[in-house]
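Student: have a look; sequence and predicted model below, questions after that.
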Amino acid sequence: MNIAGIELDLQLVWFILVGVLLTGYAVLDGFDLGVGVLQLFAKKDEHRRLFLNAIGPVWDGNEVWLVTGGGALFAAFPEAYATVFSGFYLPFMLLLCALIFRAVAIEFRSKEPWPWWRQMWDVLFALGSTLSAFLIGVAMGNIVRGIPLDADHEFTGTLLGLLNPYALFMGVTVVLLFAMHGAIYLVMKTDGELHDIVRGWVPTIIGLFLAAYILFNFYTLIALPHVYDSVRARPWILLAIAAAVLVILNIPREFHRKRDFNAFLSSCIGMALMMAAFGLTYFPNMVFSNPLPENSLTIVNAASSPKTLGIMLVIALIGIPIVLTYTTCIYYIFRGKTKLTSHSY
Amino acid sequence: MFHYIYPPLSIGLGVALVLMEGLWLKTGNIRFHNMAKFWTKVFALTFAIGVATGIVMEFEFGTNWATYSRFVGDIFGSALAAEGIFAFFLESGFLAILLFGWNKVGPRLHFFATCMVALGAHFSAVWIVVANSWMQTPAGYHLERMVDGKPVILAQDHAVVPADLGSVRAVVDNFWAMVFNPSSIDRLTHVVLGAWMAGAFLVVSISAFYLLRRRHVDFAQASLKVGLAFATVATLLQMFSGDLTAVGVSKNQPVKLAAIEGLYETQPYAPLGLVGWVDPKTEVTHALQVPGLLSFLTYHDAAKPVTGLKDLPPDRFILRHHPDATSDELPVLRRSYWPNVPVVFQTYHLMVAVGSALFGLVAIACFFWWRGWLFRTDWLPTRLLLWACVFSVLGPQIANQAGWFTAEMGRQPWIVYELLKTSQAFSKVVTANQILTSLLLFAGVYLLLFVLFVYLLTRKIQHGPDETDHSHEMPESWKAVLRADDQEART
C-alpha cells in the first residue's frame, strides 16, 4: 500500500498490530487471570468477594482482546491461525474450557450464600485462571521453540511434543508473571486490612517471577540455537529484556513511596517490553518450523492478500482509537478502591 | 447450536432494556427504573454464558476447520475481526456501566451505556450474519492459486478439486460486494427479528407468570405491556422478513428451496406443504398442501413453475464438476448435491409452524389488551392466554434453532455454497479421536452450563424484582429524574 508516497509494508504493519492486540490482552487479562491465581490465598469470604469485584466490571472487556487478537490473526495471517489452532488442538480445547469455567465462576459464585457453593466456584475460578495462564505460556513457549511443520505448513508433531520441558517452564513463568501483575493490581484496588495482606505478598511474587524469568532467558539462549542467532543479529532484544527487568524492579520502589498506580503502570510497561522481546526473537517468522526451518510460516507466506490487509487496516484505524477511548473512560469511571455494594458479585 | 440460545436473548433483551430505561427517563416513574434493573440482572446471566460459549466459536474455525480457514481466511477472517473490534468491545465495555454503573454515573450516561450494549449486540449479529451469508451466497471474491509464491487468478467457474486445497484460496476483490452479498440483508433482518422475538417473549413469559401467581402485579402488568408491544412489532415484521428471505433463497439457492419444500418434480402451480413428511426412497412428499401457493409466494404468480430437485442442480453445473460424466450418471451425481431432504423439510416447517403460532398468540393477546381483558387474572380465558404466554418463551428458541438448522443443513454438501465442500474443510491434522474427545468435553460442559443457567434464572424469577422504594438512596442526578415525575403528578 502506498500512502503519501511512503511504501507501507502491510504485512509488517499487521505483524505489529496483531502483536499489539495480544500484548493488550496480556496486560489487561493478565491482571484478572492473576487475581484468579491468587483467589485461594485470600481466606475470608469478604476478601474473596473484594478480589472478584476488583475485576468485576472489566474482566470480560479484557477477554475481548483475546477474541479480537484471534480474529485479527485469522484475517491477516489465516495460514498461521489455521496451523497454530489445529496443531495445538487439545491444549486449546482445554484452554477454552478453563476460560469458560472461570468466566461462569465469577458470575455464579455470589448467587448463593452456601459455603460449599462459594468454595466450589472459588476453586474453579482459581483452577481455570491458573490453567489458562499456564496454557498460554505453553503455547508461547512452543512458538519460540518452533513446532514441526510439513511442506503444506501442517503440524506434524504430537501432544507430548508440545508438552516439552521448555514450554512447560515458560508456562510456569507466565503463571508467576500474571500472579505478580494481579497482586499489584489488587494492591491498587484495595484498602485497609486486605491492602496490607496483598502488599505483603508482592516482594515474594516479584522475587519468584524475576528468578524464573532470568533463568528462562538463559535456558532459551542455551537450548535454542536459532534464538541465540536471532539475538546476536538483534542485540536490542537483550536491551528490551534488561529494561523489562529494571521496570519490574521499580515496582517495590513505587510501593515504598505509596504510588500504587505507578507500580501498576510499571508492571504493564514491563509486560509490554517482554512481549516486544518475545516477538522480536522470532520475527519475521510467524510459526517457526523446527526441525525443518524451510517449512516455517513467515509474515509473507502466511499473510492474506494485500487488498484484505489494506481493508483491515482501515477497519483497525477507525475501530481501535474508538475502542481505546471508551475503554479508558470506563476504567476511569471505575477507578479508586473497590467497595462492596448491592450490585456487587 | 447451544451458543445460539444466548446471543439472541442478549440482542432482544438489550432492546427491551433500552425501551424500559427510555421510559424511566421519559416518565420518571420509579416502576420502570426497577423494571430495567430486574431485567438487567437477567441480561447479565445470558450475556455471561453467551460470551463464554462465544469464545469457543471464534477459535473453532482454526482448530476444527483449518482447511476452510486457509481457503477463505482472506474473506471470512476480516468479518470476524471487524466483529471483534466494532461489536464485542462495545458490548463488553459498556456492559460494565450497565451492570455496575447504577448510581455511579448519571442516569443519562447510564442510558447511553445501555444503548451502546444493545448496539454492540446488533453489530455482532451484523458481522456474523454477513460472514455466514457469504458462505451461503459468495460474492466479491476471486480464486487464486499460489504458483512459486506468486498468485495466479483462476477462472470464475473454476471447480475446486481436493488437489487444489493448500494452493488455491478465495481472495476478496470487492469488500462491499462481499459484505452486501445477495443474501446478507434478508438474512440479517430475519436473524435480528428472531432475536428480538426471543427477548420479547422472555419478558412476556416471566411477566405472565407473575400475573398468574399474583406476585409483583404492578411490575408484571407494566412489563407485560412493554414485552407484548415489542413482541407484536417483532412478530409482524418477521412475517414480512420471512417471506423476503424465502424469495431470496429461491433466487440464490434453488436447491435449498426445493429441498425445504420437498419438491422433487418441476411444476407450475407448485403447492406449499403445511405439515407432512418426505419419503426419500420413493422421492414423494406426503403433505397437506395448498396448490399453487409456493409458486405464488416465490414469484407472486401461481402459474409459474418452480424447479424441483430432479432438475437441480442443472446439468451444466454437474458437468463442470464432473467433466467425464455420461448422461446416465447425471441423476445419480445430482443426488450427491442435495441436502438431506426429509430433515430440512421438517426443520423448515417446524420454524414456520412455530412462527405462525406465535403470530396467532400475539394477535389474541393484543385483542385481549384492547378489550381490557388482559389483566383479568380470575377469568379463565385470560388465565389460559397467560399460560400460553408463559410457554411462548420456548417458541422463538425453537424457531431460531430450526431456522439455523434449515439454513445450514440446506446448504449441504457445501460449506461455501457451490465453492467448497464441507467434507474438504476439516482440519487435516486433527484426528477423529481428538474431535470426539473435545465434542464430549464440550457437550458435558455446555449441558452443565445450561442446567446452571436454568437453575439461576429460576431463582432469579422466584426472587423477583426489587419493589421497595430505594429512591432515597439515589444520588442527586438520579433523583432529578424522579422529581420530574412528582411534578407531573402534582399538576
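Tutor: All right, it came through fine.
Student: can you pull the contacts of the residue in the stretch 101-250 of chain B that chain A sits nearest to?
Tutor: Closest to chain A within the stretch 101-250 of chain B is B:Val171: 4.5 Å, counting by CB to the nearest CB. No exception for glycine: its C-beta is placed from N, CA and C like everyone else's. Residues in contact with B:Val171 (CB atoms under 8 Å, 6 or more residues apart in numbering or on different chains) are A:Ser304, A:Ser305, A:Lys307, A:Thr308, B:Asp74, B:Ile75, B:Tyr141, B:His142, B:Leu143, B:Glu144, B:Pro151.
Student: so for the strand or helix carrying it, mean pLDDT?
Tutor: Per DSSP states H and E, B:Val171 falls inside strand B:168-172. Averaged across strand B:168-172, the pLDDT comes to 75.
Student: next helix or strand past it?
Tutor: Per DSSP H and E, the first helix or strand lying C-terminal to strand B:168-172 is helix B:175-179.
Student: does that following helix reach chain A?
Tutor: Yes. For helix B:175-179, a contact with chain A is found by CB under 8 Å from any CB of the partner chain, at B:Phe175.
Student: that helix - what's its average pLDDT?
Tutor: pLDDT averaged over helix B:175-179 gives 79.
Student: ok, stretch A:200-218 next?
Tutor: Here the average pLDDT along stretch A:200-218 is 92.
Student: and if you look at stretch B:475-487?
Tutor: pLDDT averaged over stretch B:475-487 gives 64.
Student: again with stretch B:296-315
Tutor: Stretch B:296-315 comes out at a mean pLDDT of 74.
Student: now the terminal residues of it, how far apart.
Tutor: This stretch, stretch B:296-315, spans 26 Å end to end (CA to CA, to the nearest Å).
Student: chain A: helices as residue ranges?
Tutor: A:10-38, A:45-55, A:59-76, A:78-87, A:89-108, A:115-145, A:159-162, A:165-189, A:192-223, A:225-233, A:236-256, A:260-282, A:306-333 (DSSP state H).
Student: tell me who's in contact with the residue of chain A found nearest chain B.
Tutor: Using CB to the nearest CB, the single residue of chain A nearest to chain B is A:Pro78, 2.2 Å away. If you count contacts by CB under 8 Å, 6+ apart, A:Pro78 has them with A:Ala302, A:Ser304, B:Ser69, B:Arg70, B:Val72, B:Gly73, B:Asp74, B:Gly77, B:Arg169.
Student: for it, give its distance to A:Pro284.
Tutor: A:Pro78 is 17 Å from A:Pro284, where distance means CB to CB, to the nearest Å.
Student: same question, A:Leu309
Tutor: 15 Å.
Student: more neighbours: the two, which one.
Tutor: A:Leu309 (23 against 11; other CB atoms under 10 Å in any protein chain shown).
Student: enumerate every residue touching that one.
Tutor: A:Met1, A:Leu10, A:Gln11, A:Val13, A:Trp14, A:Ala76, A:Ala303.
Student: now the strands for chain B?
Tutor: Under the criterion DSSP state E, chain B carries strands at the ranges B:141-147, B:150-153, B:168-172, B:272-279, B:284-290, B:414-416, B:420-421.
Student: so, low pLDDT: which residues of chain A?
Tutor: A:1-8, A:342-343 (pLDDT under 70).
Student: ok so, going back, filter the contacts of B:Val171 down to the buried ones.
Tutor: A:Ser304, A:Ser305, A:Lys307, A:Thr308, B:Asp74, B:Ile75, B:Tyr141, B:His142, B:Leu143, B:Glu144, B:Pro151 (16 or more other CB atoms under 10 Å in any protein chain shown).
Student: list the contacts for B:Phe61?
Tutor: Going by CB under 8 Å, 6+ apart, the list of residues near B:Phe61 reads A:Phe74, A:Tyr81, A:Phe85, B:Tyr68, B:Ser69, B:Phe76, B:Leu80.
Student: let me redo that: B:Val290
Tutor: By CB under 8 Å, 6+ apart, the contact list for B:Val290 reads B:Pro271, B:Leu272, B:Leu274.
Student: from those residues, pick the one nearest A:Asp122.
Tutor: The shortest gap between A:Asp122 and any of these belongs to B:Leu274, at 54.2 Å (CB to CB).
Student: wait, that closest one touches B:His286, no?
Tutor: No. Contact status for B:Leu274 versus B:His286: not in contact, 11.9 Å apart, counting by CB atoms under 8 Å.
Student: could you find the closest non-adjacent residue to residue 110?
Tutor: In the absence of a named chain, this looks at chain A. Leaving aside its chain neighbours, A:Ser110 sits nearest to A:Tyr345 (4.4 Å; criterion: CB to CB, 6 or more residues apart in numbering or on different chains).
Student: correction: the question concerned chain B.
Tutor: B:Gly101 is the one closest to B:His110 (CB to CB, 6+ apart), at 5.4 Å.
Student: residues near that neighbour, how many?
Tutor: 22.
Student: OK, contacts around it?
Tutor: A:Ile333, B:Leu109, B:His110, B:Ala113.
Student: from these, which two are the most distant?
Tutor: A:Ile333 and B:His110, at 10.6 Å, using CB to CB across these.
Student: more neighbours: these two, which one.
Tutor: More crowded of A:Ile333 and B:His110, by other CB under 10 Å: B:His110, with 23 against 17.
Student: about what we covered before: could you single out the nearest of the contacts of B:Phe61 to B:Gly28?
Tutor: Taking these together and measuring to B:Gly28 by CB to CB, the closest member is B:Leu80, at 42.4 Å.
Student: thinking the closest one is in contact with A:Phe74, fair?
Tutor: Yes. Using CB under 8 Å, B:Leu80 is in contact with A:Phe74, at 5.7 Å.
Student: give me the more crowded residue out of those two.
Tutor: Remark: of B:Leu80 and A:Phe74, A:Phe74 carries more neighbours, 29 against 23, as counted by other CB under 10 Å.
Student: near the closest residue to the more buried one other than its chain neighbours, how many residues? Count them for me, please.
Tutor: Distances taken as CB to CB, 6+ apart put B:Gly77 closest to A:Phe74, at 3.7 Å, once the chain neighbours are dropped. Counted with other CB under 10 Å, the neighbours of B:Gly77 add up to 27.
Student: show me the contacts for B:Gly77.
Tutor: By CB under 8 Å, 6+ apart, B:Gly77 lies in contact with A:Gly71, A:Phe74, A:Ala75, A:Ala76, A:Pro78, A:Tyr81, A:Ser304, A:Thr308, B:Ser69.
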